[in-house]
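In: Pasting the sequence and the predicted model now:
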Amino acid sequence: MRVDVVSIFPDYLAALDLSLVGKARRTGLLDLRVHDLRGWATDRHRTVDDTPFGGGAGMVMRPDVWGRALDDVLPAGGAGHLVVPTPSGEVFTQRHAERLALEAHVVIACGRYEGIDARVAERARAAGHRVSELSIGDYVLNGGEVAALVMIEAFGRLLPGVVGNPHSLVEESHGAAGLLEYPVYTKPPAWEGLEVPEVLLSGHHARIERWRRDRALERTAARRPDMVAALDVAALDKADLAV
Ligand code: 6GU
């Protein structure tokens, strides 16, 4: 998979050399390139922004600078999925990560200030590119870079071969069950007077599965009532309904 990130702070993306995403880059599973937007500015101050039409506070990123950048990094002919991190986007979820992991080429345009002139996304759509304006949650960051890191980690770990054990991807929170993950424990079995739940030491596979599902249901009901409301009632069993 090829990923291009364009930003006025390319150093923000240095963390992508680390951990599993860094390894995926080194082994060639992920061809990730970071570009400095100012490379497409033309004046001697390398200006990328200007005041908003209609007035108001803050600055808006210029469409001409972004246009030249995207002409260079988005493949011609409508291939390539343009992702624009923005607090006014759809909320990014595991479903978006799953879809992006299937793309051959993703370009992430990181805005700063009050955002990017709206004609940039409009022109990319008109040229036939898929364009996703995505937020990572209901709070405001100073720019799209941290959101780009979040999204790249979320879809990058779904690429075949990035996470060593593919089973790690199956049972996790926000997976197909629509539930949060159950609590997990490791050795030692007793620590500072706190015991690992006995059932987990029992070796009784069916009881362990039931216990984990009950804890996942309990936890989801307490922390994410919106996820419980979205569960398919037909997919619940009698024991689930007792929790
Ligand atoms: Cl994607 N960008 C910015 N600037 N703030 C955010 C965000 C993105 N998602 C949540 N807050």
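Out: The structure has been received and is ready for your questions. Numbering: from 1, shown residues only.

In: For D36, name its beta-bridge partners.
Out: In this entry, D36 is beta-bridged to S7, by DSSP bridges.

In: buried stuff in the longest strand along the chain?
Out: For the chain, the strand that runs over the most residues, judged by DSSP state E, is strand 81-91. Neighbour counts using 16 or more other C-beta atoms under 10 Å place 81-87, 89 of strand 81-91 among the buried residues. The way it works is simple: take the backbone N, C-alpha and C, and place the C-beta from them, glycine included.

In: what about the most centrally placed residue in the chain, is that helix, strand or coil?
Out: Within the chain, one residue has its C-alpha closest to the average C-alpha position: by C-alpha atoms, centre = their mean, that is M151, at 2.4 Å. Classification of M151 using DSSP: H, G, I helix; E, B strand; the rest coil returns helix.

In: distance of it from the ligand?
Out: 8 Å (C-beta to the nearest ligand atom, to the nearest Å).

In: So that residue sits against P85, correct?
Out: Yes: counting by C-beta atoms under 8 Å, M151 touches P85, with 7.1 Å between them.

In: if we can go back for a sec, looking at the helix or strand following the longest strand of the chain now, give me its mean pLDDT.
Out: Elements were assigned by DSSP states H and E; along the chain past strand 81-91, the next helix or strand is helix 94-100. Confidence for helix 94-100, expressed as mean pLDDT, is 98.

In: ok, back up a step: output the buried residues of strand 81-91 as TSV; include the columns pLDDT and distance to the ligand.
Out: What follows is the buried residues of strand 81-91, written out as TSV (pLDDT from 0 to 100; distance: C-beta to the nearest ligand atom, whole Å):
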residue	pLDDT	distance to the ligand
H81	98	16
L82	98	14
V83	99	9
V84	98	8
P85	98	3
T86	98	5
P87	97	4
G89	98	6
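
In: Name the residues of the longest helix seen in the chain that come out as buried.
Out: Assignment by DSSP state H gives helix 205-223 as the longest helix of the chain. Using 16+ other C-beta under 10 Å as the test for burial, helix 205-223 gives 208, 211-213, 215-217, 219-220.
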